[in-house]
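K.L.:
for reference, the sequence and a predicted model appear below.
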Amino acid sequence: MTAMTNWLVTATAPAGFSIDNDCLLKNQSSNASLRFSKHPLEDSVEEHIKDGKLPMELSMTWGDRVSFSLGADWAIKKIKLLDVVTADHEKAEDPIAEMNAEVMLDIGELLQIIPALIDAMGGEAAN
């Protein structure tokens, strides 16, 4: 939550990422929540954060290739490959082969997003 809060307050995403227009803010003490959907966040969230609401979910895009929602628990949800990734993908006639190809595209992108998110958080903790 600390990193997402910083990104929202400074309106600065980590290198390679951009902040999109969906966010869930929640007050930890009162459980009050506020969801922004398809709404510019730059002008809206700072006051709510000052009032004690913290980001529980934030929509982001990585490398203009993949949009996703990042949870406070670092769960990556609502993954969507953007047109730049899928433009050259030729659909297979066999539905199972097509599903396998789509899964491989997803995995290939996730294998790049996860290390980039770890780096955005300052790297892995030393043992």
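P.N.:
Great, that's in hand.
K.L.:
going forward, measure contacts and count neighbours with C-alpha atoms only.
P.N.:
Noted.
K.L.:
okay, now K26: neighbour count?
P.N.:
Look at K26: counted by other Cα atoms under 10 Å, it has 20 neighbours.
K.L.:
next one: S59
P.N.:
22.
K.L.:
tell me the secondary structure for it?
P.N.:
strand (DSSP: H, G, I helix; E, B strand; the rest coil).
K.L.:
so what's it bridging to?
P.N.:
For S59, the beta-bridge partners under DSSP bridges are S69.
K.L.:
shouldn't D106 be within a helix?
P.N.:
Yes - the assignment for D106 (three-state DSSP) places it in a helix.
K.L.:
and C23, what does it touch?
P.N.:
Residues in contact with C23, defined by Cα atoms under 8 Å, 6 or more residues apart in numbering, are R35, F36, S37, L41, P55, M56, E57, L58, S59.
K.L.:
which of the three states applies to the fourth one?
P.N.:
Three-state secondary structure (criterion: three-state DSSP) places L41 in coil.
K.L.:
ok, back up a step: of the contacts of C23, buried ones?
P.N.:
Among the contacts of C23, those classed as buried by 16 or more other Cα atoms under 10 Å are L41, P55, M56, E57, L58, S59.
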